[in-house]
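Next input, structure requested:
(one chain, ligands or ions: 1)
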Amino acid sequence: SMTLEHGAHRIGKRIDSKMSRWRNYGFGQFIHWGLYAIPGGHWNGEYYGGAAEWIRSWKGMPNEDYDNLYTEFDPVDFDPKAWAEQAKDMGARYMIITTKHHDGFCLWPSEFTDYDVTNAPYGQDIIGPLVEAYDAEGIDVYLYFSVMDWNHPGYRSKLETAEDREAYEGFKEFTRNQLLELLERYPSTKGLWFDGTWDAAWKEQAEFADNLAMEMREMIPGLIIGSRFRPDDYGNRHFDSNGDLMGDYEQGWERKLPDTYEDTKGNDWDCVMTVPENQWGYHSDWRGHVKTSYELIEMLVKSVSLDGNFVMNFGPNGQGEIRKEERQLAKEIGEWMHKNQKAIYDCGYIDWEKQDWGYYTRNRESGEVYMIVFNKPINGALRIKTPAKINLDKIFDLNGPQKTYRPEEIHRNEYFIHLDEALLETPKVIVIQYSEAT
Ligand SMILES: C#C[C@@H]1N[C@@H](C)[C@@H](O)[C@H]1O
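Prediction:
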């Protein structure tokens with residue numbers, strides 16, 4: 001392997017209690033909110049088919065029109081307590097909020113730019129009340145921060161001239177100032193979710209990013225930072241030039257899921273997921289497939305079954321309201337979570353052979369295994385295949401009358417259990433208590 005100054009500084013998972021807390025969340029909420037929520041995917045009567053939070057990059061939206069949207073930002077309906085209550089009812093255990101997206105508009109009063117909420121009609125801090133409201137509900141808060149910043153004069157996607165390099169030094173100092181400012185203002189934050197770090201200019205900043213990450217971790221010991229922040233000595237991100245994970249967990253699963261445990265390389269990881277195909281910020285006209293609560297629950301369960309966290313995105317509108325589709329999804333997912341959260345919280349992967357009926361999760365403390373059944377076979381027989389020396393001691397429904405199942409042995413370590421109910425209305429959880437034969 002290569003000698004790297006600024007590659008991965010740890011091989012393997014973090015094992016401290018703060019990271020264990022992160023690992024056990026299971027379910028999180030992403031919130032993308034900012035100026036892009038005002039146009040909501042339209043401008044001058046034209047429909048923008050891209051991701052609403054990228055509308056500034058659309059030829060139909062003149063840059064100066066976008067950059068002046070801040071003069072209209074006045075979300076009178078913003079109610080952080082209501083958002084936090086809804087997240088609690090849904091069963092989210094952490095929340096990631098966009099403090100600054102690629103457009104550079106800051107949802108907190110920043111000392112280092114005028115392009116922030118204090119210069120919009122709204123005039124007040126958005127991040128602080130959100131942190132407070134979510135902390136009060138016992139939901140941990142993480143801060144999304146985009147390094148790429150279309151508003152800052154010193155931003156460069158690549159460094160070609162001496163002038164570029166000089167301007168970029170100023171931008172780097174600005175970035176450091178804003179990050180330290182955020183940690184100073186919101187010290188209860190548990191981590192940062194970085195984005196906008198794919199440009200060539202940033203990929204040259206291995207030493208700067210490494211030092212900045214160390215400085216932030218000194219400010220808040222145990223701070224959790226994913227793989228999307230630092231480039232290594234050769235500009236590689238997420239995995240360094242030796243193939244080792246940069247940061248505390250893998251942030252590569254954006255709008256996609258690993259299919260097997262091998263795909264996760266045994267690392268911690270999160271999947272961040274949009275409800276439509278590709279809308280993070282508010283778009284008033286969702287077109288194409290909009291995911292149902294059934295699909296989102298399956299993605300959540302699949303993530304936990306493969307040792308990851310699932311983070312579902314919400315895009316509040318320009319008035320600060322959560323749109324009705326998202327409110328309905330939160331309600332439906334919450335109904336399932338209220339009854340089945342034991343199969344999600346503090347759970348992860350177990351190396352039992354995946355079966356067509358659904359997914360296994362395992363509680364990391366108790367060792368209890370959960371079968372989450374999505375696909376009931378016509379004959380109602382659910383196959384269970386375990387590694388050798390595993391004894392199935394007790395099998396019963398998580399909910400309802402504690403119906404127990406007597407496994408029918410097919411041959412060693414392979415069984416059927418027989419469901420007798422006609423039709424599954426929602427994904428069904430069955431508990432397996434097992435022991436290892438000595
Ligand atoms: C591309 C891109 C960005 N990464 C997602 C998490 C959203 O913030 C999207 O705009």
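
Most proximal residue of the protein with respect to the ligand?
Trp280 (4.2 Å; CB to the nearest ligand atom). Using the backbone N, CA and C atoms, a C-beta is placed for each residue, glycine as well.

For that residue, which non-adjacent residue is closest in space?
Leaving out its chain neighbours, the residue that sits closest to Trp280 by CB to CB, 6 or more residues apart in numbering is His32, at 4.0 Å.

OK, contacts around that neighbour?
Applying CB atoms under 8 Å, 6 or more residues apart in numbering to His32 gives the contacts Glu53, Thr98, His101, Tyr144, Trp280, Gly281, Tyr282, Asn313, Phe314, Gly315.

at 10 Å what do you get?
51-53, 96-98, 101, 144, 272, 274, 279-282, 313-316 (CB atoms under 10 Å, 6 or more residues apart in numbering).

close enough to count as contact, Glu85 and Ala92?
No - taking contacts as CB atoms under 10 Å, Glu85 lies outside contact range of Ala92: 11.2 Å.

Any chance you could list residues touching both of those two?
What both Glu85 and Ala92 touch, as defined by CB under 10 Å, 6+ apart, is the set Tyr134, Glu137, Ile139.

Most neighbours of all the residues you listed, which one?
Highest neighbour count within the shared contacts of Glu85 and Ala92, by other CB atoms under 10 Å: Tyr134, with 27 neighbours.

Verify the assumption that it is located in a helix.
Yes - the assignment for Tyr134 is a helix, going by DSSP: H, G, I helix; E, B strand; the rest coil.

if we can go back for a sec, output the shared contacts of Glu85 and Ala92 in TSV; the columns should cover distance to the ligand and pLDDT.
Output for the shared contacts of Glu85 and Ala92, formatted as TSV (distance: CB to the nearest ligand atom, whole Å; pLDDT from 0 to 100):
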residue	distance to the ligand	pLDDT
Tyr134	19	99
Glu137	23	98
Ile139	19	99
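
I'd like those residues written out as JSON lines, with distance to Pro231 added.
Listed next are these as JSON lines, based on distance: CB to CB, whole Å:
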{"residue": "Tyr134", "distance to Pro231": "31"}
{"residue": "Glu137", "distance to Pro231": "36"}
{"residue": "Ile139", "distance to Pro231": "31"}
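
backbone phi and psi for the nearest residue to Pro39 once chain neighbours are set aside, please?
Counting by CB to CB, 6+ apart, Pro39 lies nearest to Ile55, which is 5.7 Å off, once chain neighbours are set aside. Here is the backbone geometry of Ile55 (degrees, to the nearest 10): phi -60, psi -30.

repeat for Ile31
phi -130, psi 120.

cool, and the one 4 residues further on?
Torsion angles at Leu35 (phi, psi; degrees, to the nearest 10) stand at phi -60, psi -30.

ok, it touching Tyr122?
No - counting by CB under 10 Å, Leu35 stays clear of Tyr122, with 11.1 Å between them.

residues from this structure in reach of the ligand?
For the chain, the contact set with the ligand under CB under 6 Å from any ligand atom comprises His32, Ala51, Glu53, Asp195, Glu254, Val272, Trp280.

PyMOL command to pick out the buried ones of these?
The buried residues among the residues of the chain next to the ligand can be selected in PyMOL (16 or more other CB atoms under 10 Å) with this line:
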select buried, resi 32+51+53+195+272+280
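
now the residues of the chain next to the ligand as TSV including secondary structure and pLDDT?
Output for those, formatted as TSV (DSSP: H, G, I helix; E, B strand; the rest coil; pLDDT from 0 to 100):
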residue	secondary structure	pLDDT
His32	coil	99
Ala51	coil	98
Glu53	helix	98
Asp195	strand	98
Glu254	strand	98
Val272	strand	99
Trp280	coil	99
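
What is the nearest of the residues of the chain next to the ligand to Pro377?
Nearest to Pro377 among those, counting by CB to CB, is Val272 at 32.7 Å.

Now do the same contact list for that closest one.
28, 30, 32, 96, 144, 193, 195, 251, 253-256, 280, 309-313.

Quick check: beta-bridge partners of it?
In this structure, Val272 bridges to Glu254, Val311 when assessed by DSSP bridges.

so how far is Arg255 from it?
7 Å (CB to CB, to the nearest Å).

Would you check that Pro153 makes contact with Glu163?
No - between Pro153 and Glu163 no contact is recorded; they are 11.5 Å apart, counting by CB under 10 Å.

Please look at Cys271 and Asn309 and confirm they touch.
Yes - if you go by CB under 10 Å, Cys271 and Asn309 touch, sitting 7.4 Å apart.

picking up where we left off before, quick check: neighbours shared by Val272 and Arg255?
Trp280, Asn313.

Just checking the distance from the longest helix seen in the chain to the centre of its chain.
In the chain, ranked by residue count with DSSP state H as the criterion, the top helix is helix 162-185. The chain centroid and the centroid of helix 162-185 are separated by 25 Å under CA atoms, centre = their mean, to the nearest Å.

try stretch 336-343
Centroid separation for stretch 336-343 versus its chain: 19 Å, with CA atoms, centre = their mean.

Now that stretch: buried residues?
Trp336, Met337, Asn340, Gln341, Lys342, Ala343.

Stretch 209-218 now?
Buried, per 16+ other CB under 10 Å, within stretch 209-218: Ala209, Asp210, Leu212, Ala213, Met216.

Residues in contact with it: which ones?
Contacts of stretch 209-218 (CB under 10 Å, 6+ apart): 5-7, 9, 147, 172, 175-176, 179-180, 182-183, 191-192, 194, 197, 202-203, 205, 223-225, 229-233, 237, 246-248.

go with 8 Å
By CB under 8 Å, 6+ apart, stretch 209-218 touches 5-6, 175-176, 179-180, 183, 192, 202, 223, 225, 229-231.

Out of the residues you listed, which end up buried?
If we count by 16+ other CB under 10 Å, those have these buried: His6, Thr175, Arg176, Leu179, Leu183, Leu192, Trp202, Leu223, Ile225, Phe229, Arg230, Pro231.
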